[in-house]
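Visitor: Need a 3D model of the following:
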Amino acid sequence: RGALPAAAAVAAAAAAGSKVSSPSACTEERFQELRREISRSSERAAVASYAAMAERGLDIGQLAVLLEDVARRGYKPELLRSLCKDLENSGVDLGWSNEATGPQASGTFAQRPLDLALQTAAEENPDGRAAVLLFDVGLSHTQGKPVRLNANPLLRTAASRCQPRLAERLVRQAGADPDAPGPSYGGTALERAVAAGCDSVRDAYSSLVPAQTQGEGEQRCWQVLAPR
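Guide: As a prediction, the model looks like this:
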């Protein structure tokens, strides 16, 4: 997915009811160079390179590719926020509200720029802060319940990748069900966490609310995600 075509991202943004920005002034050769610069640079240098190119103009497809690139490795919060802001300014809907524009049915996880980046961060980035930041961005743009976020697959991914902060947010704020099995290969979030041996997340749950105030499924989720 690292080479997501810009045209596909533009089409996805348009399907979500977004305005497609004017054609980019950045050539394909320069854009690929920018991707390499951002990948190998510190955040400060990456932000500077991005800002210089953004002034010349980047289209929605290019912004989407960069957001997924940055979500894939490391943690560059300023750059992630800048990319999300520029996507929003280009007309891309970053939220998961039922009232959001676009033809997607309620409860589906559409392959829009933020969705793709969040899924990539959860699946591929060992630094869980990137996924949490993207989730928080989407939630901040959502009115009411995040009905267009398909939280259960993300919870299973977060559990199998030992990302406790994302798992906690998905259960508490997005209504993810830790007992929901995967449609293709089965296995609930609980089972995948056990299989992954997520001992490293135990301390993350030491300050959770008392177990008796949690729902049965949620309580079991914490018990498995934070094994003894």
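Visitor: Next, the contact list for residue 79, please.
Guide: Residues in contact with residue 79 (CB atoms under 8 Å, 6 or more residues apart in numbering) are 38, 43, 46, 47, 50, 70. For every residue, glycine as well, the C-beta is placed using N, CA and C.
Visitor: From these, which land in helices?
Guide: Secondary structure defined by DSSP state H assigns 38, 43, 46, 47, 50, 70 of those to helices.
Visitor: quick one: which of the contacts of residue 79 has the most company?
Guide: Compared across the contacts of residue 79, residue 70 has the highest neighbour count, 28 neighbours, by other CB atoms under 10 Å.
Visitor: Correct me if wrong: it contacts residue 80.
Guide: Yes - here residue 70 reaches residue 80: they are 5.6 Å apart, a contact under CB atoms under 8 Å.
Visitor: where does the protein have its least confident helix or strand?
Guide: helix 6-15 (a mean of 45; mean pLDDT, DSSP states H and E).
Visitor: Overlap in contacts, residue 70 and residue 80.
Guide: Jointly contacting residue 70 and residue 80 under the rule CB under 8 Å, 6+ apart are residue 130.
Visitor: Start from the N-terminal end of the protein and give the strands.
Guide: In the chain, no strands are defined using DSSP state E.
Visitor: Tell me where it is predicted with low confidence.
Guide: Residues of the chain meeting the criterion pLDDT under 70: 1-25, 99-110, 185-186, 188-228.
Visitor: which residues of it fall in helices?
Guide: With DSSP H as the criterion, the chain has helices spanning 6-15, 28-40, 43-56, 60-72, 77-89, 113-124, 129-140, 151-160, 164-174, 189-196, 216-225.
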